[in-house]
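> return a 3D structure for these sequence lines:
(chains A, B, C and D)
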There are 2 protein chains.
Amino acid sequence: MKDLILQNDNLPRLDLNLTPKAQTVLNAAIKIFLTHGFNGATTDMIQRSAGVSKSTVYAHFSNKERLFLAVVQSECASFTKSIHSIEFTAGNLTESLRKLAHAYLDVALSDSALALYRVVIAEAPRFPALGHMFYNTGPYVVKTIVGKSFQKALDANEIDLNGADVNEVAEVFVAMLRSELHLQRLTHPDKPLKKSVIDHWVEIAISSFIRSYATDNE
Amino acid sequence: MKDLILQNDNLPRLDLNLTPKAQTVLNAAIKIFLTHGFNGATTDMIQRSAGVSKSTVYAHFSNKERLFLAVVQSECASFTKSIHSIEFTAGNLTESLRKLAHAYLDVALSDSALALYRVVIAEAPRFPALGHMFYNTGPYVVKTIVGKSFQKALDANEIDLNGADVNEVAEVFVAMLRSELHLQRLTHPDKPLKKSVIDHWVEIAISSFIRSYATDNE
DNA sequence: GTCTATATGAAGATAGAC
DNA sequence: GTCTATCTTCATATAGAC
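Numbering: from 1, shown residues only, chains lettered A, B, ... in the order given. Okay, the predicted model is just below:
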C-alpha cells in the first residue's frame, strides 16, 4: 500500500492508448470500484465483470492499487470534461446563474460523480495523491470556470465583489448550491432528489447571491 | 425540502449499559474503523488494539457489522453533544455569527468528525441506515440549532429572510462556512488548515450573509 | 496475451478448555 | 467470559500451457 502513495502529486501517467482488452478491464474496474469501494472490490469481481481471466487483468495493471489509480484518473478526466461545458454570458445575471447552477449540479449530483467522491474521500488518508488529483481536476476546475464566468459579470458591471476575489465568490456560489443537496444524496443514496427540490434550492442560492453581489437588485 | 428529511429511522438500538470489557472493545473499534474504514479494518486489528481475544469481541458484538454500527452510533452521539453547545444571543449580529461559525467549524473540521464523515459516506450505499443516522444526528441537528439562533435574530429584527424559511437560511450559512474548508480537509488529509485561512473564510461567509440577510448593514 | 489451475496468506467466525 | 487454537472461505497474485 505505502509504495503506491505517491509523493508530490507525481501521479503516474496513465497510458491513454489502452488496448481494447485493457479498456475492457478498466471499464469493469470503474464499475466495481465505484460500487464497492477499494477494499470492498475484489479482483475477482472485476475479472468476472470484464469477462476475462485473472492473468489478463494482471497483464495490463501490475496490481490492484495501480488499477484503482487508473480508475480514479479516468473518472476525473471525464468529470472535468463535463465541467468545461459550463458557459456563461453577461446580460441577464439571474438567468446566467440559473444555467450555471443547473449545469454544475447535473455533474456534481450525478451518480458517477457521487460514487467517485465517496471512494476518493474514503481512501484519501491512505492515498493522499488521489485526494489531490480529485481536487485539482474536479472542484478546483469548477471554481476556476465559475470564477471566469464571474469575471465576465464583473467586467460587465453586473456584480460587485465587495472586497473578495472572483474565485472566493465563485466558491461561495457553488457552496450554496451543493450544500444540502450534495449531503442529502450522500447520506440518502436510496432516495433520489426531486427536481422540484433541486429547483427550489437553486432559487434560494441565486437570490441569496444576487442580494450579496449584484450591483442592482433586478 | 421538508420531504427530504427522514424522520424516525428504524435504527437498531444500542445497549447503552456496556460492560467495561465491551466498552474497551468499542473504543478500539472506534479507532480502527475510523482509521481504516469498514472493509479496511479487520477484527484482528480491533482485537489486538483492545488487548483482548477474538472471542471476547464476538461475546459482545455478534459480528463485524454490528460492531461497526455501534461505533457509528456512539460517535454520532458524541458529535451531537458538541453541537448542542453552540449558543446565540441577539444584539451584535456580526459577532454572534462569528462565534457560531467558529463553534461549528471546530466540530465539523475536527479529525474525528471528518473520519466519521468519510466512513459513513463511503458505506452509506451498503448501509443506508448509517447515512440516515448520521444525517439526523449530525447535519440535521446543526441546521436546527442554527435555525433556532436565526429565529432569535429574526425576532430581534436583525435579519430579513426575504421569503426563505429560517432553516433554509441556516443551511445557506453553514454551507458557505463548510464548503471549501471541508473539501480541503477531506481531499488533503495530510495538510492541516491554517487558522488564518479559516478566519478569512469565516469573514467571507459572514459578510456575504450580512449583505443578503441583515436588516441594516452594520 | 490469454487461459486454467493453484500457491499463499489472511479474513471472519467458532470450538472447547479453563 | 475469556482464552488459545483452529476451521473455512476467499483474497491477491503467480505458474505454466497454449
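> quick one, the helix or strand containing residue A:32 and helix B:20-40 angle?
Assigned by DSSP states H and E, residue A:32 falls within helix A:20-40. Helix A:20-40 runs at 170 degrees relative to helix B:20-40, counting by axes from the mean of the first three to the mean of the last three CA atoms, to 10 degrees.
> in chain A, what residue is nearest DNA strand C?
When distances are taken as CB to the nearest atom of the strand, chain A approaches DNA strand C most closely through residue A:55, which lies 2.7 Å from it. C-beta: built from backbone N, CA, C; applies to glycine.
> quick check: phi and psi on that residue?
Dihedral angles phi and psi of residue A:55 (degrees, to the nearest 10) take the values phi -70, psi -20.
> what's the neighbour count on it?
In terms of burial, residue A:55 registers 8 neighbours under the definition other CB atoms under 10 Å in any protein chain shown.
> residue contacts, the residue nearest to the spatial centre of chain A?
To find the centre residue of chain A, average its C-alpha atoms and take the closest one (CA atoms, centre = their mean): that gives residue A:138, at 4.4 Å. Under the criterion of CB atoms under 8 Å, 6 or more residues apart in numbering or on different chains, the neighbours of residue A:138 are A:76, A:79-80, A:83, A:113, A:116.
> cool, residue A:175 as well?
Under the contact definition (CB under 8 Å, 6+ apart), the residues listed for residue A:175 are B:175-176, B:178-180.
> domain parsing of chain A, as residue ranges.
In the assignment given by automatic domain parsing, the structural domains of chain A cover A:15-62, A:77-218.
> can you redo those as TSV with mean pLDDT?
Formatted as TSV, the entries for these read as follows, by pLDDT from 0 to 100:
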stretch	mean pLDDT
domain A:15-62	94
domain A:77-218	93
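> out of the ones you listed, nearest to DNA strand D?
Closest to DNA strand D of the domains of chain A, according to CB to the nearest atom of the strand: domain A:15-62, at 3.5 Å.
> rewinding a little: list the contacts of the helix holding residue A:32.
For helix A:20-40, contacts defined as CB under 8 Å, 6+ apart pick out A:18, A:41, A:45-47, A:49-52, A:56-57, A:60-61, A:67-68, A:70-71, A:74-75, A:112, A:115-116, A:118-119, A:122-123, B:37-40, B:122-123, B:125-126.
> the residues you listed: which ones sit near DNA strand D?
Filtering the contacts of helix A:20-40 for proximity to DNA strand D (criterion: CB under 7 Å from any atom of the strand) leaves residue A:41.
> can you tell me the helix or strand for the residue lying closest to residue A:161 once chain neighbours are set aside?
Closest residue to residue A:161 in three dimensions, ignoring its sequence neighbours and counting by CB to CB, 6 or more residues apart in numbering or on different chains: residue A:169, at 5.5 Å. Taking DSSP H and E as the definition, one finds residue A:169 inside helix A:166-187.
> and the next element down the chain from that helix?
Taking DSSP H and E as the definition, the helix or strand that follows helix A:166-187 towards the C-terminus is helix A:195-213.
> list the contacts for residue A:206?
With contact set as CB under 8 Å, 6+ apart, residue A:206 has these partners: A:94, A:97-98, A:101.
> and which of those is nearest residue A:187?
residue A:101 (21.7 Å; CB to CB).
> give the contact list for the closest one.
When contacts are counted by CB under 8 Å, 6+ apart, residue A:101 is found next to A:177, A:202, A:205-206.
> was I right about residue A:43 contacting residue A:56?
No. Between residue A:43 and residue A:56 no contact is recorded; they are 11.0 Å apart, counting by CB atoms under 8 Å.
> return the residues of chain A in contact with DNA strand D.
A:41-44, A:54-55, A:58, A:63-64.
> could you dump the residues you listed to CSV with secondary structure?
As requested, the residues of chain A next to DNA strand D are exported to CSV (DSSP: H, G, I helix; E, B strand; the rest coil):
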residue, secondary structure
A:41, coil
A:42, coil
A:43, helix
A:44, helix
A:54, helix
A:55, helix
A:58, helix
A:63, coil
A:64, helix
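> can you put these in TSV and add distance to residue A:185?
Rendered in TSV, the data for the residues of chain A next to DNA strand D read as follows (distance: CB to CB, whole Å):
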residue	distance to residue A:185
A:41	21
A:42	26
A:43	29
A:44	30
A:54	35
A:55	38
A:58	35
A:63	32
A:64	28
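> where does chain A come near DNA strand C, residue by residue?
Residues of chain A found near DNA strand C (CB under 7 Å from any atom of the strand) are A:19, A:21-22, A:51-56, A:59-60.
> tell me which two in those residues are the farthest apart.
Based on CB to CB, the longest span within the residues of chain A next to DNA strand C runs between A:19 and A:54 and measures 17.2 Å.
> sorry, back to before: can you tell me which of the contacts of residue A:101 is nearest chain B?
Chain B has its nearest neighbour among the contacts of residue A:101 in residue A:205, at 7.3 Å by CB to the nearest CB.
> still on that earlier bit, tilt between the helix holding residue A:169 and helix B:166-187?
Between the direction of helix A:166-187 and that of helix B:166-187, the angle (the same axes, to 10 degrees) works out to 100 degrees.
> could I get the buried residue list for helix A:166-187?
Of the residues in helix A:166-187, those buried under the neighbour-count criterion (16 or more other CB atoms under 10 Å in any protein chain shown) are A:166-187.
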